[in-house]
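Engineer: just a sequence and a predicted model for now, questions to come.
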Amino acid sequence: MSQQQLGNGSIAAASITVNMPVSIKTKKLARQSMPVQISSNSGNFWRGSASSEKKSIRNSELSTLDVPPAPAPAMYWSRASIYGHSPPKSLRAHSVNLVGELIFIFGGCDENTCYNDLYIFDAETMYWSNPQTNGEPPAPCRAHTSTLVDNKLFIFGGGDGPNYFNELYILDTDTLTWSKPKVYGEIPGPRRAHTACHYGKYIYLFGGGDGLRALNDVHRLDISDLAKLTWSAVEVKGKPPIPRGYHTGTLVENKLLIYGGSDGHECFSEAHVLDIETHTWEHVKLSDSVPRLSHTATQVGSYIFVAGGHDGDKYVQDVLLLNLVTMNWETRNIYGIPPTGRGYHTAVLYDSRLFVYGGYDGKKVYDEVYILDLSACAYLPQVTNFELGSY
C-alpha cells in the first residue's frame, strides 16, 4: 500500500486514478423542513447510480471543454480565482482554522521542506495575505493540530523529517502574537498525524504516531486557566480503536467520531465514537467498508462530508456523505471540475461553501483553492436537532 508512513516519515509515490473503487449504497435524503429560503427545486436531490449489486459509483468526470451548467439543486465544484499574496509554495499536512470569514493556514510542507509560515485567506474576497506576526512561532512542522478556542489557536505536536514534537504554542488571532506557555501535568509524548477537538474547558487529543509506532491514547488539556495549562491522560472505558494516525476526528455534540486512518500498514474503514463526558469508546457499524486516510471530514448538519484521501491503493477525489442518523454512506452527483485525487489537504465550511486547499497525490503537492458549492443543500447546516444513529 502506498501511503505516508507514521513511523519513519517517508512518503511513497502512488499512481493516480479518479475512479471511485469502493461500492457504496446510495440513499435518498428524506425531505426536511427548511428554515432558510432556497429555490423551489431545492427538495430534489441529484443522486449517484446504485444497484442491488452495489456497482461502483463515481463523481462526474468532465473535461474543461465539457462542463454543462449546474442544475439549480446540484452541488458544484469550481477552482477559486484568488488575489493577493498566495503561499509561494504548495502545501500538504498543514492546519486550517476558520475565524470569522478568515481561513488561517499554518505550517505544512512541500515535496522537500517543512514551514512555519502563517497565511490568511479571506473567504469573502478570495484574497491571500501573509501577515507579519509577533513573538516566536513553532518550529517548521507538518501533521500537527491547531484547535480554535476564543480566537486563539492552540497548536500542538507535528514533525519535520525524523523529528516529532510535543510543544504547545498559542497564536492570538486578534493580535497575531505567538506565545509558548508553560504547561503542567502529564504532557503527551511527541507525535504527529493525531487529532484534537475542543469541548468545554478542555482540548482532547487522540492518536497519531511517534516515529516508532502508531498511538491510540487520549489526553486532555485543561484550558480554563491560561496561566496554568494542565495536561492529563484520560482513562477510557470500552475497547479503543486500533492505534492510528491520519484519521479524522469530528466532534458531534459530546461525541468524538474517529474515522479511518492508518497504522502505517493498513488503511482503516471503521469508525469509533468516544463519549467525551463518560470517556467511553463504542464501535460504530457503518453501512459499507470505505477505507480512508489523509482525507478530510467536515460536519454539515446531520452529515459528515468526507473528501478525498487515500483508500489503501490510490489517492481518490470523491466526496461521500456519512448520514449521522442512519450511519449509512450516501453520495450525490457533483458537477463542475473536482480537485484531482489527493490527500493531506484541508477543508473548511463557510457560508454553504466547502473550501479545499493544498494536498498531495503521491507525486505532486498542490497550491490550489477549490470550492464545493453546497447552496443547493443550504438548509443542511441548520439541522442541529438530531442524535447519532445507534451503534
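Structural biologist: Perfect, thanks for sending it. Predicted model only: the values in this text are computed from it and were never measured.
Engineer: hey, let's count contacts and neighbours off CA atoms from now on
Structural biologist: Will do.
Engineer: give me the pLDDT for the most centrally placed residue in the chain.
Structural biologist: What sits nearest the mean C-alpha location of the chain, by CA atoms, centre = their mean, is residue 296, with 3.0 Å. Model confidence at residue 296, given as pLDDT, is 99.
Engineer: contacts only, for it.
Structural biologist: Residues counted as contacts of residue 296 (CA atoms under 8 Å, 6 or more residues apart in numbering) are 248, 305-309, 345-347.
Engineer: closest to residue 377 among these?
Structural biologist: residue 305 (12.2 Å; CA to CA).
Engineer: please report how far that closest one lies from residue 148.
Structural biologist: Per CA to CA, to the nearest Å, residue 305 is found 20 Å from residue 148.
Engineer: before we move on, back to that, export the contacts of residue 296 to TSV and tack on secondary structure?
Structural biologist: Putting those into TSV (DSSP: H, G, I helix; E, B strand; the rest coil) gives the following:
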residue	secondary structure
248	strand
305	strand
306	strand
307	strand
308	strand
309	strand
345	coil
346	strand
347	strand
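Engineer: and which of those residues is nearest residue 125?
Structural biologist: The closest of these, once distances to residue 125 are taken by CA to CA, is residue 347, at 17.7 Å.
Engineer: pull up the gap between that closest one and residue 93, please.
Structural biologist: 12 Å.
Engineer: kindly report the same for residue 388.
Structural biologist: Taken as CA to CA, the span from residue 388 to residue 93 is 29 Å.
Engineer: the more surrounded of those two?
Structural biologist: Set residue 388 next to residue 93 and count neighbours by other CA atoms under 10 Å: residue 93 wins out with 28 against 16.
Engineer: which helix or which strand is home to residue 317?
Structural biologist: strand 315-323 (DSSP states H and E).
Engineer: for that strand, packing partners?
Structural biologist: With contacts taken as 3 or more CA pairs under 8 Å, 6 or more residues apart in numbering; DSSP states H and E, strand 315-323 sits against strand 303-310, strand 329-330.
Engineer: return the most buried member of the ones you listed.
Structural biologist: Stretch with highest mean neighbour count among the helices and strands packed on strand 315-323: strand 303-310 (a mean of 24; mean count of other CA atoms under 10 Å).
Engineer: okay, the angle between it and strand 315-323?
Structural biologist: Computed with axes from the mean of the first three to the mean of the last three CA atoms, to 10 degrees, the direction of strand 303-310 lies at 160 degrees from that of strand 315-323.
Engineer: ok, and what's touching strand 303-310?
Structural biologist: Residues contacting strand 303-310 (CA under 8 Å, 6+ apart): 3, 291-299, 315-324, 341-344, 380.
Engineer: kindly export that strand (C-alpha atoms) in PDB.
Structural biologist: Output of strand 303-310 as PDB, limited to C-alpha atoms (Å, rounded to 0.1, in the frame of the first residue of the first chain):
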ATOM      1  CA  TYR A 303     -24.000  14.700   7.700                       C
ATOM      2  CA  ILE A 304     -20.200  14.400   7.500                       C
ATOM      3  CA  PHE A 305     -18.700  15.300   4.100                       C
ATOM      4  CA  VAL A 306     -15.700  13.100   3.500                       C
ATOM      5  CA  ALA A 307     -13.500  14.500   0.700                       C
ATOM      6  CA  GLY A 308     -10.500  12.800  -1.000                       C
ATOM      7  CA  GLY A 309      -7.800  10.900   0.800                       C
ATOM      8  CA  HIS A 310      -6.100   7.600   0.200                       C
END
